[in-house]
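A.B. asks: Task: produce atomic coordinates for the following.
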Amino acid sequence: MIDFTLNDLQKELRDLARKFAVTDIAPVAAKLDEHHEFPHALFKKALELGLLNPNVPEAYGGPGLGLLEEIIINEELGWACSGVAASMEVNALANWPVILGGSEDIKKRYLQKVNEGWMGAYALTEPEAGSDVAGIQSTARKDGDHYVLNGAKQFITNGTVANFHCVFAYTDKAARYNGMSCFLVEREWKGVKIGKKEIKLGQCASDTCSLSYEDVRIPKTHLLGKEGEGFKLAMQVFDRSRPAIAAISIGVGRRALDESVRYASERKAFGKPLSDQQAIAFMIADMAIQVDAARHLVWNAGYRLDAGLKNSKEAAFAKAFAADMVMKVTTDAVQVFGGYGYSREYPVEKLMRDAKIFSIYEGTSQIQRIIIARELFKK
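C.D. replies: You can find the predicted model right below:
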């Protein structure tokens with residue numbers, strides 16, 4: 001049986017997230033964007049409400065929600081501000097290597113810290129290795145009961161505020177994909193250096209910076225998963241994070257649609273509302289189609305993972321389509337608003353700036369198509 005009806009828990013989460021988005025995030029979104037300000041107060045409130053770290057299992061003090069519930073929350077937060085929503089989602093993203101690969105002791109220690117307010121960062125991308133994950137240069141060599149980490153990471157969300165980083169590095173560079181490992185590194189350890197904060201086109205409330213590691217000594221206990229299985233772990237994380245990020249873009253698209261419907265109903269041209277102009281009405285109708293289609297793809301990717309089914313292809317469907325959707329829908333929203341849409345006095349300008357990054361981070365739209373083609377042509 002196929003059922004798109006939310007259960008009572010999912011409805012409660014949606015309503016809670018929507019109220020938080022409307023009441024707490026939306027009123028300060030423009031200010032956070034203008035000043036490139038990290039939303040510390042919103043993080044604290046989201047933690048109190050149970051909207052932060054939805055993926056932490058109940059056994060470790062978390063809500064133990066599924067990916068579909070995370071998706072539902074993210075859409076609502078994305079409606080208010082995708083920069084804020086992305087920062088909160090990356091906290092969940094950083095939890096995944098710990099949940100999937102950490103020892104029992106590591107999970108107990110660090111997931112409890114997360115429940116108490118610790119923030120995490122996911123450190124995979126490097127200056128010379130974005131889409132080409134195997135191109136990373138960071139290394140971690142064994143030295144007694146430790147690994148010694150050296151390398152640099154780039155464009156790391158939450159980098160300047162995170163208490164811990166999940167860092168990917170080669171333990172056997174000659175083995176390429178089979179020689180990559182993942183480590184939990186605390187910010188305060190000797191040799192961890194936080195780089196400059198990036199000034200970005202959009203999602204300015206989201207903190208992004210470079211990180212470097214100089215002879216950082218990592219206890220062997222902080223290896224996440226098995227040595228040489230870091231790439232496999234990263235791909236498992238992406239199956240979860242890509243639909244979750246795509247859900248934020250749905251929120252942005254929905255906000256652009258809502259603003260366009262409102263403006264077209266109020267604004268008059270040629271003696272009647274814009275909504276009576278077929279050229280505008282059809283544009284907005286297409287926006288609604290695209291937003292709803294993206295939601296179905298994202299929900300399906302989340303449902304499959306929660307049901308224990310392989311979802312790599314569906315996650316790529318969702319990420320690629322939603323990224324294209326949100327860029328088109330926000331661009332059309334600016335067009336509906338005309339000259340006002342190009343002004344910061346109106347919200348759609350920010351939505352369009354925020355939209356572009358969805359086709360870049362968590363795997364570019366081109367990488368998603370490579371994944372899809374690979375899955376289609378498997379023998």
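A.B. asks: Helices along the stretch 201-350 of the chain, start to end?
C.D. replies: Listed in chain order, the helices of the stretch 201-350 of the chain (DSSP state H, counting those that start in this stretch) span 230-266, 278-306, 312-337, 348-355.
A.B. asks: would you list these in CSV and tack on mean neighbour count and mean pLDDT?
C.D. replies: In this view, the C-beta of every residue, glycine as well, is placed from N, C-alpha and C. Listed next are the helices of the stretch 201-350 of the chain as CSV, based on neighbours: other Cβ atoms under 10 Å; pLDDT from 0 to 100:
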stretch, mean neighbour count, mean pLDDT
helix 230-266, 24, 97
helix 278-306, 18, 97
helix 312-337, 24, 98
helix 348-355, 24, 98
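A.B. asks: Show the subsequent helix or strand relative to the one helix or strand residue 26 maps to.
C.D. replies: Following DSSP states H and E, one finds residue 26 within helix 26-35. As assigned by DSSP H and E, the chain's next helix or strand after helix 26-35 is helix 40-49.
A.B. asks: could you say what helices and strands the helix or strand immediately after that next one in the chain packs with?
C.D. replies: Using DSSP H and E, the helix or strand that follows helix 40-49 in sequence is helix 67-80. Secondary-structure packing of helix 67-80 (3 or more Cβ pairs under 8 Å, 6 or more residues apart in numbering; DSSP states H and E): helix 8-20, helix 82-101, helix 230-266, helix 278-306.
A.B. asks: With just CA atoms, put helix 67-80 into CSV.
C.D. replies: The C-alpha coordinates for helix 67-80 follow below in CSV (Å, rounded to 0.1, in the frame of the first residue of the first chain):
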residue,chain,number,x,y,z
LEU,A,67,15.2,10.2,7.8
LEU,A,68,11.6,11.1,6.7
GLU,A,69,11.0,12.9,10.0
GLU,A,70,14.3,14.8,9.5
ILE,A,71,13.1,15.7,6.0
ILE,A,72,9.8,17.1,7.3
ILE,A,73,11.6,19.2,9.8
ASN,A,74,14.1,20.5,7.3
GLU,A,75,11.5,21.7,4.8
GLU,A,76,9.9,23.9,7.4
LEU,A,77,13.2,25.3,8.6
GLY,A,78,14.3,25.9,5.0
TRP,A,79,11.1,27.9,4.4
ALA,A,80,12.3,30.5,6.9
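A.B. asks: pLDDT on it, on average?
C.D. replies: For helix 67-80, the mean pLDDT works out to 98.
A.B. asks: Could you chop this structure up by domain?
C.D. replies: The record's domain split for the chain, according to automatic domain parsing, is 8-115, 120-229, 231-376.
A.B. asks: Would you convert these into TSV that also reports distance to residue 2?
C.D. replies: Below are these laid out as TSV (distance: least, Cβ to Cβ, whole Å):
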stretch	distance to residue 2
domain 8-115	14
domain 120-229	33
domain 231-376	10
